[in-house]
Structures are given as C-alpha cells and as structure tokens.
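# Have a look; sequence and predicted model below, questions after that.
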Amino acid sequence: MDVVIYILVGILMALGFVGCFLPVLPGPPLAYGGYLLLLLTPAGENISLVMIAILGALTALTVVVDFIIPSLGVKYFGGTAWGKWGCFFGSIIGLFFMPIGIIAGPFLGAFIGELLGKSSTSDALRSGIGSLLGFLFGTVFKIAVTAFIVYRVIVEIF
C-alpha cells in the first residue's frame, strides 16, 4: 500500500509543477496534498506539525498571491482602479484561451481597462506591463514554494 501512496505523491508533485504554469491546476495545493499523503506512510513518522503549518501557510499564500500580485503590479506602475479590474477580468477570460491567455489576459485586461477609464495609451501600456510583471512574479513564487514542498518530500522519504 505504501508504494501506491508514494506513486500518488510523485504524481501530485509533478502536477504541482505543471499547475504553476497552468492556472486550471492549483499547483502548490496539489503538491501540498502530496506532502500530506506522506503522513499515511512510514516516511510520515518524522513529519512535524511545524513543517505542516509552514508549508500550509506558504501554500495558502501562493493562492492569495496568484490573484493579488497582478493587480498590485498594475497599481505600482501607476494604473487606476480601471486597470486593476481589467487585470482581474482579463485573468479570468484568459483562462479560456490557454496557454497564451494566461499571460495575455491580465496584460490586455489592464490595458483595455485603463483605456476605458480614459487613460492615455502610454499609461494603459504601463499598467499592462505592471500586470504582466506581477503575473511573472507570482509564477516564480509558486514555482519556489512547489520546489520547496518537493524538497521536503524528498527529505522525508530518504
């Protein structure tokens, strides 16, 4: 039975990394679920509650960051509420146009939102770039958290 659980853990780790790039899959939560599955194996005997809490908090933070960071990028680059809302809706619409929609959605949403809010084209472009940079930062953060979870799984197993 342990072998089956280890295989499931490996699958969840792989899906965790894939989910860092495809918003359809919740990457870090899948990897964290794999980590928690280790509790059902002999490797889980050494897992501390502190590590479970730390990884859980980091996982929850990735979910929050995934939605907030692109909007903060818009704000940091001088965007208005129009750009932030455009970024939000563009992110959702972008999911239907995978894979390019993942990147283009927030950018175009912020850009179009700023234009609808009567911003100049250069201000709208700057806002779109802010959303893109925010998205990229969020992706790097998700990859880092997922990699840390995978590292902890390897440490616990071996």
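Thanks, I have it.

# residues in contact with the helix or strand hosting Gly33?
For Gly33, the host element (DSSP states H and E) is helix 27-37. Helix 27-37 is contacted by residues 5, 8-13, 15-21, 47, 52, 55-56, 58-59, 62-63, 142, 145-146, 149-150, 152-153, 156 when judged by Cβ atoms under 8 Å, 6 or more residues apart in numbering. C-beta: built from backbone N, CA, C; applies to glycine.

# Now list the buried members of these.
5, 9, 12-13, 15-17, 19-20, 47, 55, 58-59, 62, 142, 145-146, 149-150, 152-153, 156 (16 or more other Cβ atoms under 10 Å).

# Of the residues you listed, which belong to helices?
Taking DSSP state H, the ones among the buried ones among the contacts of helix 27-37 that sit in helices are 5, 9, 12-13, 15-17, 19, 55, 58-59, 62, 142, 145-146, 149-150, 152-153, 156.

# Work out the gap between the helix or strand bottoming out on mean pLDDT in the chain and the centre of the chain.
Sorting the helices and strands of the chain by mean pLDDT, DSSP states H and E puts helix 81-94 at the bottom, at a mean of 84. Offset of helix 81-94 from its chain centre (Cα atoms, centre = their mean, to the nearest Å): 16 Å.

# Buried residues in it, which are they?
Within helix 81-94, the residues that count as buried by 16+ other Cβ under 10 Å are 82-91, 94.

# Skip the chain neighbours and tell me the closest residue to Gly101.
Distance criterion Cβ to Cβ, 6 or more residues apart in numbering; nearest residue to Gly101, sequence neighbours excluded, is Gly94 at 3.5 Å.

# list the contacts for that neighbour?
Gly94 neighbours (Cβ under 8 Å, 6+ apart): 101-106, 108-109.

# Let me have those in CSV, extended by distance to Thr121.
Formatted as CSV, the contacts of Gly94 follow (distance: Cβ to Cβ, whole Å):
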residue, distance to Thr121
Gly101, 22
Ile102, 24
Ile103, 20
Ala104, 17
Gly105, 19
Pro106, 18
Leu108, 13
Gly109, 16
